[in-house]
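[1] Sequence below, structure please.
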Amino acid sequence: MQSAVVQFALEPLAVELRAVAVPEIGDSDVLLRVGAVSVCGSDVHQAYNTHSWPVNVPVVLGHEFAGTVAKAGRAVKGFRDGDRVVSETAAEVCGECLLCRTGRYNLCPHRKGFGYGIDGAMASYVRVPARCLHRIPDTLPFELACLAEPHAVAYNAMCVNSQIRPGDAVVVLGPGPIGLLCARMAALAGADPLIVVGLSSDGPRLETARRLGATRVVDAGRETVEEVVRTFSPLGADLVCDASGASRPLDIALALARPDGQVTKVGWSPDLLPVNINPLVQKNIRLQGSFSHNYPVWERVIHLLDRRVTRPEAIVGLTTALDGWREAFDAMHEGRVIKSVLIP
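    As a prediction, the model looks like this:
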């Protein structure tokens, strides 16, 4: 048996530390000894039952993780006991649809992810299909390697699904973990100006945005965002990334984008609100959603993490043992830290 953070019902705070069995593995799986697992905003949403995706309860939470191969299935090739790895999140895909066959398995209609579809990694051990694994160098500690997944989300949003050229005006709405990492990816891609927008309560996060390369931060409660953006770029932003996790900011994003500009929405929105999409037509804007990631994205972000190019230490505010999970969740929910990391 092992201890695990389990969501046991679809109601607020139906999460607890429980004793569960160490998972059995199949021929194509590995049993992974979890070295570190970071708390995602989606884990917190599930804990408060404010999520907008289906969850198969009871389920062990956690999909951002790194660890060591403890046991490999008989059919596994390329990985063996003791290998240091990170895991992608597409725990189950059909393998047969057009999306799977063209490497876009993150969009497979049958996809199930760790922590909501099948048991995740907030435990000592987790079962992982070997196809999900990527080796990590010895120079990359687990407590940073577990951030590969949110890095991959941000890289896919800003460097694959969006186009940024040096000197482009880029605006990021929402300085949460994903928004901050999107800002960092934009900075690395040459965005200038790079403007990150938050609320008055986001003061420390906006300061972190500066550390990650923002040339200007905006407190939307005290300043008019559109005036600030047009001071730098009179026509509007070349790209607006909506990482806010709400619906209303999409209105703002469409207003901020220049004619023939881009809007990329990466934040989930549990609230359903009417949005004026007429600027989408009037200004010939390209509106793009961005979901998850795939193999080449992971290889890139592991390299960036190992080199510390993305400054990952800037977003980790709390590291604790697994039995400190509640404080880790609360600290993120209350905005006291940007990211919490659990060490099982």
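
[2] Who are the contact partners of Val341?
    Ala36, Val37, Ser38, Val39, Glu143, Cys146, Val316, Leu318, Thr319, Thr320, Ala328 (C-beta atoms under 8 Å, 6 or more residues apart in numbering). (Glycine included, C-beta is placed from N, CA and C.)

[3] right, I mislabeled it, should have said Gly115
    Residues near Gly115 by C-beta under 8 Å, 6+ apart: Cys40, Ser42, Asp43, Gln46, Val59, Val60, Leu61, Gly62, His63, Thr89, Ala121, Met122.

[4] Out of the contacts of Val341, list just those in helices.
    Glu143, Ala328 (DSSP state H).

[5] wait, which of the contacts of Val341 is closest to Glu223?
    Val316 (28.7 Å; C-beta to C-beta).

[6] mind listing what that closest one touches?
    Contacts of Val316 (C-beta under 8 Å, 6+ apart): Ser38, Glu143, Leu144, Leu147, Val337, Ile338, Lys339, Ser340, Val341.

[7] and the two most separated of the residues you listed?
    That would be Leu144 and Val337, which, of those, are the farthest apart (C-beta to C-beta) at 15.5 Å.

[8] Next one: the closest residue to Thr319 other than its chain neighbours relative to Ser124, how far apart?
    The spatially closest residue to Thr319, leaving aside those adjacent along the chain, is Val341, at 4.7 Å (C-beta to C-beta, 6 or more residues apart in numbering). Computed with C-beta to C-beta, to the nearest Å, the distance linking Val341 and Ser124 is 15 Å.

[9] ok so, going back, looks to me like the residue nearest to Thr319 is in a strand.
    Yes. According to DSSP: H, G, I helix; E, B strand; the rest coil, the state of Val341 is that of a strand.

[10] do you know how far it is from Ile195?
    29 Å.

[11] ditto for Arg307
    Taking C-beta to C-beta, one finds Arg307 at 26 Å from Ile195.

[12] and what of Leu318?
    From Leu318 to Ile195 the distance is 28 Å (C-beta to C-beta).
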